[in-house]
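1. Prediction below, plus the sequence it came from.
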Amino acid sequence: MQTTQNTLRNPSLVNVIRLFLLVLVVLSVYYYDVIQLGVNCVWNYLLTLWFFNSVYFETWLTMGCYLLLNLYPYSVDCLRTLDKYKIEKSVQYRTQTVIGMIQEAIAYAVPFMFLDTFMVKKYCGVEASIWDRKRESTIQYTRALPVDAPTFAQLMFQLMASLILYDVFFFFIHYTLHRSPWLYKTVHKWHHSHDVLECHVTNQLSHVERITLVLSANTALKVFNSHPLTRTVFVPVFQLLLIENHIGYDFPWSLSHVVPFRLMGGARKHYAHHMQGGKHYQPLFSYLDHFLERIQSTNVKFSSPNRKFHRLSKAHSS
């Protein structure tokens, strides 16, 4: 903990990262046409892949990204030099068995693949007549995808806007789960049933909460008519941010330090949420949490009564 605080007092590394990101933004504007050509090539190639055209692609992508991205916290745990960034000394990576990972994958995939099988997926840029033809078949096998790639500007806007809107959606859902004792015990308690916070807690969700999380993200993407390529990029970015929240390390290069004005929540705040429970409800950002704290500081009865449920979850977790 001391190391992270020292990093914040000596912001030279953070400033270097911010400068690097600024250079990337400038270069992306200067070489916009080159980047757009790359986006077009990637999209045209993806359209030739059978599994990308499958109705199950996004479910498969979500499972695959989660399994691959778990290599990140595993690698962090193997590097002893990074232990100084642990929020608490007790933080450690919990190794899962192959059977356990398969069970998690099946538990995630089955309900969403069921929906994929019967749902006509609608994407902006596809003619409505194509959707009508696909509705004639009860079982869906392929997605109707747009011919044209998104512009690079569209992709970046849709990605960032969808993340921001999802964060708003889930703030209110998350807050409600903590405000209602019945919802907390029925839906959310399992996510807080752990001795030590580590990355696998990211996916330690009840079926109802998992479906709610995915539908919230999907709704946010649909609000901005996100292109299927944007949705493809969204999945690993979204999962990496959630894993980072549950990893139990507060790295100086994390977005919570790099993004100014304390806009991002980060691992430390989410760790405090899991340990204390009465604050830090936003999964990605923090501005709504700051607003809520201001309301609480004015003695309005708006704070969560659920700390006792966190203690109960600790006592009864196995």
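-> Great, that's in hand. Nothing here was measured: the structure is a model prediction, and the numbers come from that model.

2. Just after the host helix or strand of residue 208, pick out the following helix or strand.
-> Here residue 208, judged by DSSP states H and E, is contained in helix 207-223. Moving toward the C-terminus from helix 207-223, the next helix or strand (DSSP H and E) is helix 228-246.

3. Could you check the angle that following helix makes with helix 207-223?
-> Calculated by axes from the mean of the first three to the mean of the last three CA atoms, to 10 degrees, helix 228-246 forms an angle of 140 degrees with helix 207-223.

4. Show me what counts as buried in helix 228-246.
-> 228-236, 238-239, 241-246 (16 or more other CB atoms under 10 Å). For the C-beta atoms, the positions are set from N, CA and C on the backbone; glycine is no exception.

5. what does stretch 143-158 give?
-> 143, 144, 145, 146, 149, 150, 152, 154, 155, 158.

6. does the last one count as helix, strand or coil?
-> Classification of residue 158 using DSSP: H, G, I helix; E, B strand; the rest coil returns helix.

7. show me what contacts it?
-> Contacts here follow CB atoms under 8 Å, 6 or more residues apart in numbering; on that basis residue 158 touches 150, 221, 224, 225, 226, 227, 230.

8. so where is the chain shaky, pLDDT-wise?
-> Scanning the chain for pLDDT under 70 picks out the ranges 1-10, 299-318.

9. about what we covered before: out of the contacts of residue 158, which comes closest to residue 18?
-> Ranked by distance to residue 18 (CB to CB), those are led by residue 230 at 25.0 Å.

10. these two touch, right, that closest one and residue 150?
-> Yes: using CB atoms under 8 Å, residue 230 makes contact with residue 150 at a distance of 6.2 Å.

11. what's the most distant pair in the buried residues of stretch 143-158?
-> 144 and 152 (23.4 Å).

12. just to revisit the earlier point, any chance of JSON lines for the buried residues of stretch 143-158, columns distance to residue 86 and secondary structure?
-> Listed next are these as JSON lines, based on distance: CB to CB, whole Å; DSSP: H, G, I helix; E, B strand; the rest coil:
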{"residue": "143", "distance to residue 86": "43", "secondary structure": "coil"}
{"residue": "144", "distance to residue 86": "47", "secondary structure": "coil"}
{"residue": "145", "distance to residue 86": "44", "secondary structure": "coil"}
{"residue": "146", "distance to residue 86": "45", "secondary structure": "coil"}
{"residue": "149", "distance to residue 86": "42", "secondary structure": "coil"}
{"residue": "150", "distance to residue 86": "40", "secondary structure": "coil"}
{"residue": "152", "distance to residue 86": "38", "secondary structure": "helix"}
{"residue": "154", "distance to residue 86": "40", "secondary structure": "helix"}
{"residue": "155", "distance to residue 86": "35", "secondary structure": "helix"}
{"residue": "158", "distance to residue 86": "35", "secondary structure": "helix"}
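
13. Brilliant, that's me finished.
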